[in-house]
Every structure is written in C-alpha cells, then in structure tokens.
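Engineer: The sequence and its predicted three-dimensional model are supplied below.
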Amino acid sequence: MDSDKDWQKLSVARGYARLLSEWLKTQPRAFAPLLKEIEATPSLSRVPLQQWQQWLAGLETRGVAPEQMLGIGALIQFRHLGLLGHLAGCCQTVGELLQTYLRFETLQYGFHWAELSAGPPTCVRWRFGPGQLEHALLLETIGLSTVYSIVAGRLGMASAITAVDFTCAAPGRTQAYEDFFRCPVRFDQPAVRVEFSEQGLATRIAGIGSRPQVRLTEAAEQAASAASSDDDFVQRVLDLIQRHLHEGGALLPKASAALGIAPRSLQARLARAGWSFQDLVDTNRQQAALYYLSDPGLSYAETALLIGFSEQSVFSRAFHKWFPETPEQWRRRVLAA
C-alpha cells in the first residue's frame with residue numbers, strides 16, 4: 001500500500017463476516033463470545049479491515065492454528081460474495097470471472113486489493129507485501145483458500161490453479177496446506193499470488209453464481225411463438241441482455257454481435273414477434289431489480305449497478321416508474337412478509 005490513507009480505505013466484504021460466523025457455529029462453546037460480537041455488528045456492506053483483524057486476533061487468543069482457517073475457506077459459497085457472487089452468474093469463463101472481480105472489487109472492498117499480471121503464467125497478485133498486515137497468515141489463509149474453493153470446489157476446476165504464494169513464513173503444519181490446495185504452495189514470497197493455467201482461464205463455465213431467471217410472460221411467449229418461426233429467439237435475446245446488463249451502455253450491438261446478425265435485422269425480427277429491443281431491456285431490468293432487492297446483503301447502489309445503472313438515484317427514479325413504490329419501500333415490505 002502506498003500510504004496510511006490507503007490502509008484506512010481497506011475493508012472486507014460483509015459476506016466474509018457471515019462466513020466466519022458459520023464456521024464459529026461449528027466450534028466449541030469457548031468461541032461463543034466472539035460469535036456474538038460478530039453477529040451484533042451492524043449490517044454494513046463492508047467490514048473495516050481493522051475490525052476484521054480484531055476478530056482474527058480473537059481467534060489467535062483462543063488457540064486457533066493457521067491451518068484451521070482452511071476450513072473457513074472451504075465453506076465459501078457464491079452467496080457470501082454479495083455483488084461479485086451475483087456477477088459470477090454472468091461470466092462464461094474463469095478468465096472472465098477474474099476480470100469481473102477486478103473490475104468491481106473496489107465496490108466490494110473499498111480499494112483495489114488485487115491486480116492481474118499477464119502470463120504465462122497469468123496470476124492474480126494482491127497489493128500487500130511481507131509484514132504489512134497484522135495476523136497476516138490467518139488473513140492470507142482465509143483469502144487464498146476462498147479463492148481456491150470458488151474455482152476448484154464451486155466451479156470444479158482445480159486444474160485451473162497451478163500455484164499459490166503466501167508472504168508469511170511456513171507454519172508448523174505445511175502438509176495441511178498442500179493437501180488443501182493440491183498444487184505447489186510457496187511461503188516467504190514477495191507477494192500473495194494465485195497462478196492460473198492459460199487453458200483453465202479459457203475453459204467455459206456454466207450454471208454458476210446467482211442470477212435472476214428472467215422470462216417472458218406466458219402470453220408474450222405465445223405471441224412470440226405465433227409470430228416467429230424461431231420460437232426461442234426472443235428469449236435468447238433476453239438472455240443475452242441479462243448477461244451484459246451490468247455492463248451498462250449500448251446493449252444492442254453486443255446482442256447482435258453475439259447472435260451474428262445486424263442490429264437492424266435483430267430489431268426487425270423482434271418487431272415481428274411484437275417486441276422492441278428496449279422493451280426487453282426494460283423487462284429484464286424490472287425482473288432483475290426485484291430479484292436483487294430480495295437479497296438484503298446487496299446495497300441499493302450495488303443493485304443499481306447489477307442492472308446497468310451507473311447511479312443509485314437514476315435506478316430509484318426508474319423503479320418508481322415501474323412500480324408504485326421506491327426500492328426501499330419494496331424491500332422493507334417484502335422482507336417483512
């Protein structure tokens with residue numbers, strides 16, 4: 001990090017606090033006070049790094065060994081990743097997933113923790129060196145084990161990761177690390193890194209993360225079927241819009257390129273089915289907005305970004321046009337039901 005101000009910006013995604021809570025519930029009663037403290041913390045989208053380090057200090061004082069933190073990483077699910085977990089559902093390869101992570105990590109953590117180094121081998125490198133973080137071995141163990149668990153466990157692509165680097169000295173039980181990562185594990189390195197194989201980065205992935213299942217209404221599907229020889233064309237366009245919705249900007253060129261037809265031809269075919277491209281964008285945004293708002297772990301600003309709005313205020317105005325209430329009112333009503 002470049003300055004003390006940089007350190008003050010650092011935070012940890014709120015989902016990691018939930019992850020730690022879930023792990024603590026499996027531990028002896030001696031951990032109950034720490035669990036109570038974590039669960040009493042205000043429900044913020046991010047946890048300040050200083051607070052996270054205090055919790056790690058609480059683990060150390062209770063005699064937790066560094067290798068036990070691998071068990072926390074093993075529990076990770078896409079739901080713990082908040083915004084990034086939802087964005088994962090729009091990615092088609094491991095490489096695209098990494099690029100998405102790097103693009104949005106500031107929203108998740110308050111700072112650019114990581115950077116991507118071109119290969120071979122391609123690696124993600126975290127921007128802190130030896131001795132810069134307190135309780136570094138616990139922090140690095142949780143962080144790297146969660147990355148590995150997402151790629152190897154949730155995506156089933158262990159071969160995509162070829163090496164893992166820690167800045168800390170090797171702990172007493174390195175075998176536990178080697179058994180967990182199933183690839184070369186190096187300690188006393190100048191940076192925290194995860195190396196990826198080029199083949200692994202390019203491999204297609206499917207059915208990951210969390211994304212809304214945006215569908216046409218039954219009546220609209222029947223109309224599209226009657227008006228077009230390609231019954232699923234409108235749904236295919238809708239799916240493409242959904243995949244690129246978070247990117248914002250002009251979606252028509254992206255959809256037409258993916259389908260291999262000119263934008264005018266795409267619009268004409270939609271018109272024959274009784275739709276305009278903008279109708280489908282609005283349908284997607286409306287259904288996706290309700291889906292993401294039902295997740296209390298997402299802030300309103302994050303929800304706005306997920307459906308392609310650069311500002312929360314623009315999203316709020318659009319939502320109020322679609323529905324007879326604000327996003328805040330809708331979430332309170334639905335979550336209270």
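Structural biologist: Noted; the coordinates are in hand.

Engineer: in the stretch 1-150 of the chain, which segments are predicted with low confidence?
Structural biologist: Applying pLDDT under 70 to the stretch 1-150 of the chain picks out residues 1-9, 43-45, 106-112, 129.

Engineer: how about the helices in it?
Structural biologist: Residue ranges of the helices in the stretch 1-150 of the chain, as given by DSSP state H, counting those that start in this stretch, are 4-9, 14-24, 32-39, 49-61, 69-73, 83-88, 94-109, 136-148.

Engineer: can you tell me which of these comes nearest to Ala288?
Structural biologist: With C-beta to C-beta as the criterion, Ala288 lies closest to helix 83-88 of the helices of the stretch 1-150 of the chain, at 9.4 Å. C-beta: built from backbone N, CA, C; applies to glycine.

Engineer: for the closest one, packing partners?
Structural biologist: On a contact count with 3 or more C-beta pairs under 8 Å, 6 or more residues apart in numbering; DSSP states H and E, helix 83-88 meets helix 94-109, helix 300-306.

Engineer: Can you tell me which of those helices is packed in deepest?
Structural biologist: helix 300-306 (a mean of 22; mean count of other C-beta atoms under 10 Å).

Engineer: how far out from the middle of the chain is that helix?
Structural biologist: On the basis of C-alpha atoms, centre = their mean, to the nearest Å, helix 300-306 is displaced by 13 Å from the centre of the chain it belongs to.

Engineer: mean confidence for whichever helix or strand comes after that helix?
Structural biologist: Remark: after helix 300-306, the chain's next helix or strand is helix 312-322, criterion DSSP states H and E. Averaged across helix 312-322, pLDDT comes to 92.

Engineer: distance of the most centrally placed residue in the chain from Leu306?
Structural biologist: Centroid-nearest residue in the chain, with C-alpha atoms, centre = their mean: Leu84, separated by 1.5 Å. Relative to Leu306, Leu84 is positioned 11 Å away (C-beta to C-beta, to the nearest Å).

Engineer: Check Arg62 too.
Structural biologist: In this view, Arg62 and Leu306 are 38 Å apart by C-beta to C-beta.

Engineer: swap in Ala289?
Structural biologist: Taking C-beta to C-beta, one finds Ala289 at 9 Å from Leu306.

Engineer: next one: Gln329
Structural biologist: 19 Å.

Engineer: do the same with Arg14
Structural biologist: Separation of Arg14 from Leu306 (C-beta to C-beta): 16 Å.

Engineer: for Arg269, same thing?
Structural biologist: 28 Å.

Engineer: do Ala65 as well
Structural biologist: Applying C-beta to C-beta, the value for Ala65 to Leu306 is 38 Å.

Engineer: can you check Val334 too?
Structural biologist: Noted for Val334: a distance of 17 Å to Leu306, by C-beta to C-beta.

Engineer: again, but for Ile142
Structural biologist: 26 Å.

Engineer: Please apply the same query to Ala57.
Structural biologist: Distance from Ala57 to Leu306, counting by C-beta to C-beta: 35 Å.

Engineer: now swap in Leu20 and tell me
Structural biologist: Going from Leu20 to Leu306 by C-beta to C-beta gives 25 Å.
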